[in-house]
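In: after the sequence you'll find the predicted model.
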Amino acid sequence: MTGGPDPEQPAPDRPRWFGIDALTGPRLVTWAVRVTGIADRVAAARALGHDPGEAVAMSRRTPDGGRLTWRLTPPGAGDGVVPFLLDWGATPHPSAGLPVLPLVALRAVDPDPAVTRAAWAALGVRWPGELTAGPEPGLTAVVQG
């Protein structure tokens, strides 16, 4: 699998989302929460003290000529440990035909776990793993496969 900036695209006038410009190797950078009604979820989170950012409409063509459309809040509104919101609308999820790898463990580290927990609560997130205090934010996922 390959990843990173598309060399066919012009360089953007701002840093690329997900910190792609600074990555030196593979790593879990952030995560998304799939939602419906993203505008309402953003408003609800703000009312509870967490601003996930404005939802942005995006789209891309698939290799078979189809079109995927979605809306998401900017990745990086948190520190990677706090997710961004993603609403696929009427578009089928692009992973629908892929094999499922069971999640064995999920861990988050953050300098201030209480702030992270408050942001998760504002987003309606129930973290299924471990959250510990540490000097640098980070995520670890273990999948079976």
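Out: Looks like it came in fine.

In: just for the protein, where's the confidence low?
Out: Within the chain, the segments meeting pLDDT under 70 span 1-5, 77-78.

In: how about a cut-off of 80?
Out: Within the chain, the set of residues satisfying pLDDT under 80 comprises 1-9, 16, 18-23, 76-79.

In: now the strands: where do they sit in it?
Out: Per DSSP state E, the chain has strands spanning 32-34, 56-61, 67-72, 84-87, 103-110, 130-133, 138-143. These are given in chain order.

In: of those strands, which is nearest His93?
Out: Distances from His93 to each of the strands of the chain were compared by C-beta to C-beta, and the smallest falls on strand 32-34, at 7.7 Å. Quick note: C-beta positions are derived from backbone N, CA and C, even for glycine.

In: give me whichever of the strands of the chain is most buried.
Out: Mean neighbour counts were compared across those using mean count of other C-beta atoms under 10 Å; the top stretch is strand 84-87, at a mean of 22.

In: can you list the strands that that one pairs with?
Out: Here strand 84-87 is paired, per DSSP bridges, with strand 32-34 (parallel), strand 67-72 (antiparallel).

In: nearest to Leu103, of these?
Out: The stretch from these with the least distance to Leu103 (C-beta to C-beta) is strand 32-34; that distance is 14.3 Å.

In: Throw the strands of the chain into JSON lines and include distance to Ala118, thanks.
Out: Output for the strands of the chain, formatted as JSON lines (distance: least, C-beta to C-beta, whole Å):
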{"stretch": "strand 32-34", "distance to Ala118": "15"}
{"stretch": "strand 56-61", "distance to Ala118": "24"}
{"stretch": "strand 67-72", "distance to Ala118": "21"}
{"stretch": "strand 84-87", "distance to Ala118": "16"}
{"stretch": "strand 103-110", "distance to Ala118": "11"}
{"stretch": "strand 130-133", "distance to Ala118": "12"}
{"stretch": "strand 138-143", "distance to Ala118": "18"}
